[in-house]
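[1] Output the structure for:
(2 chains)
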Amino acid sequence: MMVSLFYPLFFVSVLCMNSFSGVQGKKWKGEGTTQNLESIFIGRCYDYIRTVNPAVGEKNCSQIWEAFKNAFINKNPCNILPKDYELFINLTFHTIPPNKSLFWENNQLLVSSFAGRGLRYMSLSDTLFGFVGNLLNWCGQENSPGLDYESCPTAMECENNAVDSFWRMTSIIYAQHSSGVIQVLLNGSAEGGAYPQTGFFADYEIPNLQKDKISQVLIWVVDDIEGPDLDSCGTNSVKILENRLETLGYDVTCTDNYKSVMFLLCLDNPDHSKCAFASSAPAAQRGPISSDRGGSWNKLMFVSFAVFLFRFALVY
Amino acid sequence: MPLQQGSARMRQRTVLLVGIAVLLAALVLAVVLASLLTHGRHEVRPKMLQWKDRGTTKNLQEVVLGRCYSYITAQHPELGDKDCLKIWESLKDAFIYKNPCNITPEDYQPLMELASHPIPCNKSLFWSKTGDLVHRYTKSNQNFLTLEDTLLGYMADRVSWCGDPSAPGINYESCPKRNECENNPSSVFWKMASKMFAEAACGVVQVMLNGSVEAGAFRSSSIFGSIEIFNLDPDKVSEVHIWLMQNLGGPQSESCSGQSIQRLISILEERNFKIICEDNYRPVQLLQCVHNPDHRDCRLCTNSTAIS
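    Sure thing, here's the model as predicted:
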């Protein structure tokens, strides 16, 4: 009798759960797929090959979108793996110029400014495969070809979500094809350490660097202008990173507060003591010249009037 | 006698035969020529006009649409009500199938209306001959907006377009340079967009000029000098701050006391704006130092952290 009751009860409770989540609205805790994802994605793909980096040659951006989408649609959004993006990578791959790779942790916006849209350095977001997905969000749903615009799983809800697997795959490829001198920009004010021992750099990039193609690793540890100096070269997590790379056989150099990056941080804080210039040009050149003609005319008029009155008073 | 008659007849017959042959040949020739000519006329399609500048960017539609959606979705969600498809159509209609030397401001009016949006006060940043530096600055410092940071400018930056009266109406091979004809799609677009950008400015406005250019930091022939300064609204704009930037290591062709700057100041004062001019405005100079950190103008007063 219990068994015969079980299925109806189970059925009812499942229905209730579904309607309850319907009332709540959202399946997952994270933000949904970015609106107009397809147009943005395809637009960025063409923007890249036509204006950002035409050197990569002709690509079929519609095909690339299909390959990207097929990695995660119609599947359980908690079961997307990096290799699901293999076709996408095959279609978007291009070589990375030697000495231009820039790895980073905890300073995404800074890296974006510093890389100068791929001109100075080519970070992952400056490659075609990184450019199309940068700062976007996406996920699919099981038994439906549509994208989920309502909500997407967070990393906490499931590790193998569409977005994280995308960045794992692209990080692997980016590391595998980096060569020459490679640069690593770390945040010396980050809580938990400048070098997170679990993260994209530690878990997917370092293991995929090709030792025979890399001549040197430059580590830059830069503190926030207002931030605390929690980590530096030779200490704490940075020391762990230096040891790890040296053990792997790399020629490692570490620099604290690398000046180039400091200047960039100073943009938002030009009057901070860390940002004061040593040189001072002659006073004539510096300092604002303001148009004060309105003021000086007024003064002149006032003085003339006062003199006139004075003379008038004298006469009388 | 019969022989003579026979030969005369033969001669007549020969002449007749030759005459017929010639006629036939002429007929055939005429037919062949006629068919060749008409065939040729069918093959001669009107060719597109040829110009000296690069042609319309391939996949312009996808690029413009993608940029529009990216702008209103990710970067400026307050513009979420903009219709990107309509905006693209209005851009296309402005130049497709038209002679690219005959573009008028009216052609762009619908686009300008659909894509324009208000600019917060004190944020407008104009520029002349400092394109690379000014855009690196606005990318790193969200406090200022150049025209290329507005929706219109963002969509149009670094792409090109022009039409042609013959099919398919868009010329992907070449587009007119300014010296080929003034009223070309690109020049008319940027002039109109610049005018509107100036009209929309309020509060304190900024302008970044180049003090290392031989021809002078301020030029009346530039878009800034010919359009933007004359379309600032004195009822909305209170002050103009000039940032006169010189290349690190010079040449120091001009500074705030220079001739062309004095001319600019007098034009602006006549329109009742207060002016402040600053040589090598510090935050922007910091940006110049990013990629030239060892230059003597970039030495920092570091007293604590390890020297790089």
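
[2] Pick out the residue nearest the middle of the chain.
    As the question left the chain open, I've gone with chain A. residue A:108 (3.3 Å; C-alpha atoms, centre = their mean).

[3] was after chain B, sorry
    Central residue of chain B (C-alpha atoms, centre = their mean): residue B:186, at 3.4 Å.

[4] Next up, the contacts around the residue nearest to it when sequence neighbours are not counted.
    Leaving aside its sequence neighbours, residue B:186 sits nearest to residue B:160 (C-beta to C-beta, 6 or more residues apart in numbering or on different chains; 6.2 Å). C-beta: built from backbone N, CA, C; applies to glycine. Listed by C-beta atoms under 8 Å, 6 or more residues apart in numbering or on different chains, the contact set of residue B:160 reads B:53-57, B:175, B:186.

[5] Quick check: residues of the stretch 151-300 of chain B near chain A?
    B:158-159, B:255-257, B:265, B:268-269, B:274-280, B:282-283, B:286-287, B:289-291, B:293-294, B:296-300 (C-beta under 8 Å from any C-beta of the partner chain).

[6] From those residues, list just the buried residues.
    Buried subset of these (neighbour count, 16 or more other C-beta atoms under 10 Å in any protein chain shown): B:159, B:255-256, B:265, B:268, B:274-280, B:282-283, B:286-287, B:289-291, B:293, B:297-298, B:300.

[7] Which members of those residues are positioned in helices?
    Among those, DSSP state H puts B:265, B:268, B:282-283, B:286-287, B:289-290 in helices.

[8] okay, now residue B:131: neighbour count?
    14 (other C-beta atoms under 10 Å in any protein chain shown).

[9] Give me the residues contacting stretch B:194-206.
    So stretch B:194-206 is contacted by B:112, B:116, B:118-119, B:121-122, B:124-126, B:144, B:147, B:150, B:152-153, B:223-224, B:227-233, B:236-243 (C-beta under 8 Å, 6+ apart).

[10] Mind giving me the ChimeraX select for those, buried ones only?
    Buried residues among those (16+ other C-beta under 10 Å), as a ChimeraX selection:
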select /B:112,116,119,122,124,125,126,144,147,150,152,153,223,224,227,228,229,232,237,239,240,241,242,243
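
[11] element containing the residue of the stretch 101-250 of chain A found nearest chain B?
    Using C-beta to the nearest C-beta, residue A:113 is the residue of the stretch 101-250 of chain A that sits closest to chain B, at 4.4 Å. Assigned by DSSP states H and E, residue A:113 falls within helix A:108-115.

[12] Any part of the next helix or strand along the chain from that helix near chain B?
    As assigned by DSSP H and E, the chain's next helix or strand after helix A:108-115 is helix A:128-131. No. For helix A:128-131, no contact with chain B is found by C-beta under 8 Å from any C-beta; the gap never falls below 11.4 Å.

[13] Which neighbouring elements make contact with helix A:128-131?
    Judged by 3 or more C-beta pairs under 8 Å, 6 or more residues apart in numbering or on different chains; DSSP states H and E, the packing partners of helix A:128-131 are helix A:86-92, helix A:162-176.

[14] can you give me how far the last one is from the chain middle?
    On the basis of C-alpha atoms, centre = their mean, to the nearest Å, the separation between the geometric centre of helix A:162-176 and that of its chain is 14 Å.

[15] The shortest one too?
    A distance of 22 Å separates the C-alpha centroid of helix A:86-92 from that of its chain, computed with C-alpha atoms, centre = their mean.

[16] so where's the stretch 1-150 of chain B shaky on pLDDT?
    B:1-6, B:38-45 (pLDDT under 70).

[17] Enumerate the residues of it near chain A.
    Contact residues (C-beta under 8 Å from any C-beta) of the stretch 1-150 of chain B with chain A: B:57-59, B:62-67, B:69-70, B:73-74, B:84, B:136-137, B:139-141.

[18] Model confidence for the residue of the stretch 1-150 of chain A found nearest chain B, exactly?
    Across the stretch 1-150 of chain A, no residue is closer to chain B than residue A:43, which sits at 1.0 Å (C-beta to the nearest C-beta). Note for residue A:43: predicted pLDDT of 98.

[19] what sits up against whichever strand or helix holds it?
    Element membership for residue A:43, per DSSP H and E: helix A:37-47. With C-beta under 8 Å, 6+ apart as the test, helix A:37-47 has contacts from A:34, A:59, A:61-62, A:64-65, A:68-69, A:92, A:128, A:131-133, A:136, A:138, A:147, B:58-59, B:62-67, B:69-70, B:73-74, B:84.
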